[in-house]
Structures are given as structure tokens and as C-alpha cells.
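Chemist: What follows is a predicted protein model with its sequence.
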Amino acid sequence: MAEIRVKICGLRTEADVAAAASAGVAYIGLVFFAKSPRNLELPQARLLALAAPVGLAKVALTVDADDATLDAITEAMPLDMLQLHGHESPDRVAEVRARYGLPVMKAVGVADEGDLAATFDYSLVADQLLIDAKPPKDAALPGGNGLAFDWRLVAQRRWLRPWMLAGGLTPENVAEAIRLTNARQVDVSSGVESAPGIKDHARMAAFVRTARV
Ligand SMILES: O=C(O)c1ccccc1NCC(=O)[C@H](O)[C@H](O)COP(=O)(O)O
């Protein structure tokens, strides 16, 4: 069976990128959301994107971004994928995909079985799905909250598109999450941090190691 592919989201320094590359991560996530402790301004994001070695996919994460914002991001740096982490409709996902010519991953927040219904429509227009915990109603961030959902909800699911499991994953629980869900790709942010926005390189390496056990 193919090796588990890991995405680490919310990198902020060139040392983070080097640590991700040496840990064997497949994707890095660059966050463009002003309220986030992981938010990047374009010049810093460009440095990180240029520091990524060939083969390490660079994913730009945005939340309900308009075309002007996406134009600025995509013109400033080389990217391999766009992650849409807001309330973008299936039509908007299709529009973004066509406009930028990049694969698009749509995040779907899950708290209960009903939330999974949206995956069908998004599967028709997105290249990948990110199945994440739904944020609490009063959350400041739509993702990156370190919250898990009940993995049993996706345990038996058949998927129309490649997907990633996200939400509250850590080096301590990722092996169990993969065992329960059969995910072949996993995404982590706060579970490999020492404080919000500060990546812990030892935990990044431990996450990749345990995801592959
Ligand atoms: O990380 C953020 O600050 C963030 C801000 C706005 C939208 C999404 C955001 N993060 C998404 C992710 O980092 C992950 O894709 C995912 O939600 C897992 O996060 P975590 O539960 O912290 O591992």
C-alpha cells in the first residue's frame, strides 16, 4: 500500500520548511488569514515557497478569499495547490480552479453525519477534500483549532476524490486515526506546535514517523 502522505499546515519560517522537508512531509500549508497566529504576509510566504525543495508541495490556504486576494497570492509565489477553508460554494470552487489552473482542495468541517453530505457536491469540482473538525460556533478561526471530530463517522466511507484527514491530530493519536479511518493522507497544525504559530520540529518529525508506522 502507498505510503501515508503528510501535510503540515501553518509553517512560518524557513527553518520550519527545512524541518518539514527533512521529516519527509509531502505538503506544506501557508496560511493567509489575518486573524490567525499562522498568518503570512506575501514577502515571507514567498520566501518559504522558494525555500521548499522540489517535490514538497506548497499549498496556499485561504478563507472566502476574493479574486484580488487570490491573484496577489498566486502571482507572488510558486504554488502547487489552493486550499479553500471557508464557506466557498461548489460553484466558487470550480471558478477558482479554472481561474488559477491549480488543483484545489476544499475543506469540509464535520461534527456529525449530516455534515458529510456536502462532500458529494465538492467531489464534483475539487481535486481533493480536507475533512476537518467543524469549528465551534464562537471560534475565532475556521480551522487549526486542534479539535478532533468523531473519526468513526468516516470509518466506512467510500470517497470519490483523494482526501485528507485533519483536526486535532497529534504524534500521539495519528496512528490510531489512520487505523480507524483508512486515511492515506493526514494534515496537522496545532498538534505539532509548542505555542500557536510556533512549530516544534521534533514533534513534526515524530508525527511523520508515527503516521507511517
Ligand atoms: O491554522 C490556521 O490558523 C487556520 C486559519 C484559518 C483557516 C484554517 C486554518 N488552519 C487549517 C489547518 O491548519 C488544518 O488544515 C486543519 O484545520 C488542522 O488543524 P489542527 O486541528 O490544528 O491540526
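Modeler: Thanks, I have the structure now. For clarity, every value in this text was computed on a predicted model and none was experimentally measured.
Chemist: Which of the three states applies to the closest residue to the ligand within the chain?
Modeler: Closest residue of the chain to the ligand, CB to the nearest ligand atom: Gly144 (2.2 Å). Where you see a C-beta, it was placed from the backbone N, CA and C, and this is true even at glycine. Of the three states, Gly144 takes coil under DSSP: H, G, I helix; E, B strand; the rest coil.
Chemist: Need the phi and psi values for it.
Modeler: phi 70, psi 30 (degrees, to the nearest 10).
Chemist: Tell me the spacing between it and Gly29.
Modeler: Distance of Gly144 to Gly29, computed by CB to CB, to the nearest Å: 9 Å.
Chemist: One more: Val59?
Modeler: For Val59 relative to Gly29 (CB to CB), the value is 5 Å.
Chemist: which one of the two has more residues nearby?
Modeler: In this view Val59 and Gly29 are compared by other CB atoms under 10 Å, and Gly29 has more residues nearby, 28 against 22.
Chemist: joint contacts of Gly144 and Gly29?
Modeler: Jointly contacting Gly144 and Gly29 under the rule CB atoms under 8 Å, 6 or more residues apart in numbering are Cys9, Gly10, Ser189.
Chemist: tell me how far the helix or strand encompassing Lys106 is from the chain's mean position?
Modeler: Using DSSP states H and E, Lys106 sits in strand 104-110. Chain-centre distance of strand 104-110: 9 Å, with CA atoms, centre = their mean, to the nearest Å.
Chemist: and for the helix or strand that it is followed by, what are the contacting residues?
Modeler: Elements were assigned by DSSP H and E; along the chain past strand 104-110, the next helix or strand is helix 118-123. Applying CB under 8 Å, 6+ apart, the contact partners of helix 118-123 are Pro90, Val93, Lys106, Val108, Leu129, Ile131, Trp159, Leu160, Arg161.
Chemist: Which among these count as buried?
Modeler: Pro90, Val93, Lys106, Val108, Leu129, Ile131 (16 or more other CB atoms under 10 Å).
Chemist: now, the most widely separated pair of these?
Modeler: Pro90 and Ile131 (16.0 Å; CB to CB).
Chemist: now the helices for this structure?
Modeler: Per DSSP state H, the chain carries helices over the ranges 14-23, 42-51, 67-76, 90-100, 118-123, 174-181, 201-211.
Chemist: Same list (these) but as CSV, adding distance to Leu165 and mean pLDDT.
Modeler: Conversion of the helices of the chain to CSV gives the following (distance: least, CB to CB, whole Å; pLDDT from 0 to 100):
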stretch, distance to Leu165, mean pLDDT
helix 14-23, 18, 98
helix 42-51, 24, 98
helix 67-76, 25, 98
helix 90-100, 20, 98
helix 118-123, 13, 97
helix 174-181, 6, 97
helix 201-211, 10, 98
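Chemist: Same list (the ones you listed) but as CSV, adding distance to the ligand.
Modeler: CSV is the format used below for the helices of the chain (distance: least, CB to the nearest ligand atom, whole Å):
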stretch, distance to the ligand
helix 14-23, 13
helix 42-51, 14
helix 67-76, 14
helix 90-100, 16
helix 118-123, 15
helix 174-181, 10
helix 201-211, 10
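Chemist: These: which one's closest to Lys35?
Modeler: helix 67-76 (14.3 Å).
Chemist: For the closest one, list every residue counted as buried.
Modeler: Those would be Leu70, Ile73, Thr74, for helix 67-76 by 16+ other CB under 10 Å.
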